[in-house]
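>>> quick check, what structure comes out for this input:
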Amino acid sequence: VGNVLNAMAIQADGGILIGGSIQRFNNVQRNNLVRLTQDGSVDLAFTPSSLGVVNDVLVQPDGNILVADGLVRRLLPNGMEDISFQGSACCTIRQLLLQPDGSILAITEELPGEVSIPGLVRMLPNGDLDPSFNFAFPGYYAERMALLPNGQFLVVIDVTGAGSRLLRFNSDGSEDTSFN
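Got it, this is the predicted structure:
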């Protein structure tokens with residue numbers, strides 16, 4: 001069975017993080033997240049603890065690594081889990097985006113048979129859910145998102161039966177209605 005690669009991020013030192021459903025990479029046993037050196041070889045010193053399938057990975061300015069493996073975990077640059085990070089257990093996380101203030105936007109997936117979960121949540125820098133964040137479109141599937149230089153963000157929303165829409169939101173999650 002082959003690997004499924006879902007995510008990639010580049011570290012400041014040129015290291016390449018690859019996440020997905022990975023059991024072996026370049027013939028080296030790995031656990032869903034692998035770090036490659038600049039020449040493409042597996043970094044054997046990078047051995048994160050047990051992770052689920054990695055949906056997204058991003059590197060924070062301080063070098064720590066955020067991993068969405070269903071939950072959100074923060075790893076130290078060497079791959080060890082940062083136990084000071086709370087990590088949200090609200091829902092299955094598919095994509096991460098880091099805001100300028102260190103807050104973390106996360107696209108969530110509704111869990112079958114569960115109470116409806118918003119398509120987008122924000123976590124504080126310590127991993128706690130941000131109770132002040134009010135995403136304007138709960139119940140719609142947020143597909144992808146991108147950060148704008150002014151702190152606003154774009155989200156592709158799947159509106160059931162009507163296709164997809166591109167919407168712009170303010171940093172607090174409210175819709176910017178001036179965007180058409």
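
>>> so for stretch 15-32, first residue to last residue, what's the gap.
End-to-end distance of stretch 15-32: 16 Å, with Cα to Cα, to the nearest Å as the criterion.

>>> end-to-end on stretch 34-43?
Start to finish, the residues bounding stretch 34-43 are 8 Å apart (Cα to Cα).

>>> and the contacts of that stretch?
Contact with stretch 34-43 is made by 11, 14-19, 22, 25-26, 28, 30, 46, 79, as judged by Cβ atoms under 8 Å, 6 or more residues apart in numbering. Glycine gets a C-beta too; all of them are placed from N, C-alpha and C.

>>> 7 Å instead?
Here stretch 34-43 makes contact (Cβ atoms under 7 Å, 6 or more residues apart in numbering) with 14, 15, 16, 17, 18, 22, 25, 26, 28, 46, 79.

>>> ok, the last one touching residue 44?
No. Under the contact definition of Cβ atoms under 7 Å, residue 79 does not touch residue 44, with a separation of 10.8 Å.

>>> neighbour count: those two, which is higher?
Neighbours per residue (other Cβ atoms under 10 Å) separate residue 79 from residue 44, with residue 79 holding more: 20 against 9.

>>> can you give me phi and psi for the more buried one?
The phi/psi pair for residue 79 (degrees, to the nearest 10) reads phi 100, psi -10.

>>> that one and residue 180: what is the separation?
Separation of residue 79 from residue 180 (Cβ to Cβ, to the nearest Å): 44 Å.

>>> the closest residue to residue 35 other than its chain neighbours and residue 83: what is the separation?
For residue 35, ignoring the flanking residues on the chain, the nearest one in space by Cβ to Cβ, 6 or more residues apart in numbering is residue 46 at 3.7 Å. In this structure, residue 46 and residue 83 are 18 Å apart, going by Cβ to Cβ.

>>> burial of the residue lying closest to residue 85 once chain neighbours are set aside, as a residue count?
Nearest residue to residue 85, sequence neighbours excluded (Cβ to Cβ, 6+ apart): residue 74, at 3.8 Å. With neighbours defined by other Cβ under 10 Å, the count for residue 74 comes to 20.
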